[in-house]
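Visitor: A predicted structure for the sequence below; I have some questions about it.
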Amino acid sequence: MFSVSRRAVGVLLGAALVALLAGCGASPMRIQITIHYSHYDPSRLSVPHGVPVTFVIRNTDPIDHEWIVGDAPLQQRHRTGTEPVHNARPTEITIPALTTRETTVTFDKAGLLQYICHLPRHEDYGMVGWLTVT
Amino acid sequence: MRRLSTVAATTVVALLFTAGPAFACGGLIGPNGAVNLLRTTTLAAYHGGVEHYITAFQFAGGGGQFGSIVPLPGIPTKVERGGDWTLQRLIRETDPPTPEAFALFGAASASRDAQVLMQVRIDALDITVLKGGGDQVGAWAKEHGFRLPPDAPEVLDFYASRSPIFLAAVFDADAARVRGQSIGDGTPVHVTIPTANPWVPLRILGLGKIEGEKVEADVYLLNDRKPALLPDPNANGLTLQVSEPASASLLKDLRSDKGMGWIPQHAWLSKIRIDGPASDLRFDLAIDASGRGQPSLRDAGLAPFGPIQPPAPWVGWVLLLAAVGLGLPIFGAAFLARMATRRVPPGAGAA
């Protein structure tokens, strides 16, 4: 009986450990993106789908920037968009000059996306990044 | 002894800020990202350690506010309305058949922490002289409702590391219209800058331009003698079109314009045409008017530059420890050697 109890305790401890690890796994992975001289660094990223990812975007420039992540149709809409500031959707962020913003996104499927600043001329200047969702 | 100078007239394109309701005012950066080209004419003169800039800001129609910024080699002592026809006379000297309209769009700038050194209102222009780095100028622009183009952070740092002085000019198109100014009318501004290192900002002409766009500008120089220039005025998109003694009639005419009495009796006239991709224009024009023939790499933006940084605090400690580490043994050894010598009485060896 005693040995069974010890086994039960072991199972319970194991279950607790798994639960703990599972909990750790649920916390978003964090990715730092720095904006300097109107360019993203890094400009290529890879993240898994189905898990939350927190992007910490630091704007070191004295001008505002955007981080709009999405597929080609979304980017095309933003090229002619009129929203002066983005803060309603986690995939569309305005980062004011010399500030840092965080946003957490869960990508539901694999694919190749882009993150772009759609302020006038910023994309032409090279403010484009690629995000691979695996 | 007349140590003339450098007179530079620049027909430029500047595009610095867009004001007000973001891009809806027909500013330099349009709603679709297009940049309206604005011509800028600047006359800079260096004489006896003082550089003179005369810049004309042209009313191009439209409404709202537009701005541009001009990096300066030093802190100006005076900003005033310029002469009425100095720039036109220079162009007529080198291009007599085709009178050109000059226009330069001025700037507006300075940041939250930028130091405002001077503010002057000239006609429909609000001129602000700022001291600060790129971050400060950018913040100032934002606070004043302007949006800088995406290359501004790098370009402003390029200048601020050499001379953190900027002249920001905001052109109030509505005020110009109220004043009865017509499209094409220019407002000349004369900036007096004591400096030991005159240079003409060229890279700023490409601000806001993207790959494939060109910069077209004319730079006039007047020096006491034939100047040495850097970079080569016949390469990198530059062409030295005129290099000759300035005519007596030109100098007389310039001298007779308002506020232009400082123009010397004799001078060397140069005209440099800039016509090339904006992406290639990553330098300024350094001028050695001293006769030594050594224009500065740093003033041309071709060499590493920047304010001399004080060493980090740890450097001092490292040097101190190194001095102690090396000095103590040496001093100790010398001291012990001396003591050992003293312990031996004269003649002890013979005893």
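Guide: Sure, I can see it. Numbers count the residues shown, from 1 in each chain, chains lettered A, B, ... in the order given.

Visitor: Next up, the contacts around the nearest residue to A:N59 once chain neighbours are set aside.
Guide: Among residues not flanking A:N59 along the chain, A:I95 sits closest, at 4.2 Å (C-beta to C-beta, 6 or more residues apart in numbering or on different chains). The way it works is simple: take the backbone N, C-alpha and C, and place the C-beta from them, glycine included. Contacts of A:I95 were listed using C-beta atoms under 8 Å, 6 or more residues apart in numbering or on different chains, and they are A:35, A:57-59, A:64-67, A:101.

Visitor: try B:V50
Guide: By C-beta under 8 Å, 6+ apart, B:V50 lies in contact with B:192-195, B:262.

Visitor: Enumerate the beta-bridge partners assigned to it.
Guide: Each beta-bridge partner of B:V50 is listed here, defined by DSSP bridges: B:H47, B:P194.

Visitor: pLDDT score for it?
Guide: Reading off the confidence values, B:V50 has pLDDT 78.

Visitor: which intervals of the chain have sub-threshold pLDDT?
Guide: You didn't say which chain, so I picked chain A. Scanning chain A with the threshold set as pLDDT under 70 gives A:1-26.

Visitor: nope, chain B
Guide: Within chain B, the segments meeting pLDDT under 70 span B:1-44, B:57-67, B:95-112, B:182-185, B:304-320, B:322-324, B:326-331, B:335, B:339-351.

Visitor: one step back: now the contacts of A:I95 as a markdown table including neighbour count and secondary structure?
Guide: Rendered in a markdown table, the data for the contacts of A:I95 read as follows (neighbours: other C-beta atoms under 10 Å in any protein chain shown; DSSP: H, G, I helix; E, B strand; the rest coil):
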| residue | neighbour count | secondary structure |
| --- | --- | --- |
| A:I35 | 24 | strand |
| A:I57 | 21 | strand |
| A:R58 | 16 | strand |
| A:N59 | 25 | strand |
| A:D64 | 21 | coil |
| A:H65 | 25 | strand |
| A:E66 | 23 | strand |
| A:W67 | 24 | strand |
| A:R101 | 17 | strand |
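
Visitor: Is A:D41 in contact with A:Q32, as I believe?
Guide: No - counting by C-beta atoms under 8 Å, A:D41 sits too far from A:Q32 to count as a contact (9.2 Å).

Visitor: Contact residues of chain A facing chain B?
Guide: In this structure, chain A approaches chain B at residues A:36-38, A:61-64, A:80, A:84, A:97-98, A:117, A:119-122, A:124-125, A:127, judged by C-beta under 8 Å from any C-beta of the partner chain.

Visitor: which ones are touching the residue of chain B found nearest chain A?
Guide: Evaluated by C-beta to the nearest C-beta, chain B has B:G138 as its residue closest to chain A, separated by 2.4 Å. Contact partners of B:G138, counting by C-beta under 8 Å, 6+ apart, are A:61-63, A:97, B:111, B:148, B:152-153, B:156.

Visitor: Pick the one among the residues you listed closest to B:Y46.
Guide: Ranking these by separation from B:Y46, with C-beta to C-beta as the measure, puts B:L156 on top at 23.7 Å.

Visitor: which residues sit in contact with the residue lying closest to the closest one once chain neighbours are set aside?
Guide: The spatially closest residue to B:L156, leaving aside those adjacent along the chain, is B:G134, at 3.3 Å (C-beta to C-beta, 6+ apart). B:G134 sits next to A:62, B:152-157, B:159-160 when contact means C-beta under 8 Å, 6+ apart.

Visitor: Could you report the neighbour count for the closest residue to chain B within chain A?
Guide: Taking C-beta to the nearest C-beta as the measure, the point where chain A comes nearest chain B is A:P62, at 2.4 Å. A:P62 has 25 neighbouring residues, counting by other C-beta atoms under 10 Å in any protein chain shown.

Visitor: Tell me if I'm right that it and B:G132 touch.
Guide: No - using C-beta under 8 Å, A:P62 is not in contact with B:G132, being 9.9 Å away.

Visitor: returning to what we had before: okay, and which of the residues of chain A next to chain B map to strands?
Guide: By the criterion of DSSP state E, membership of those in strands covers A:H36.
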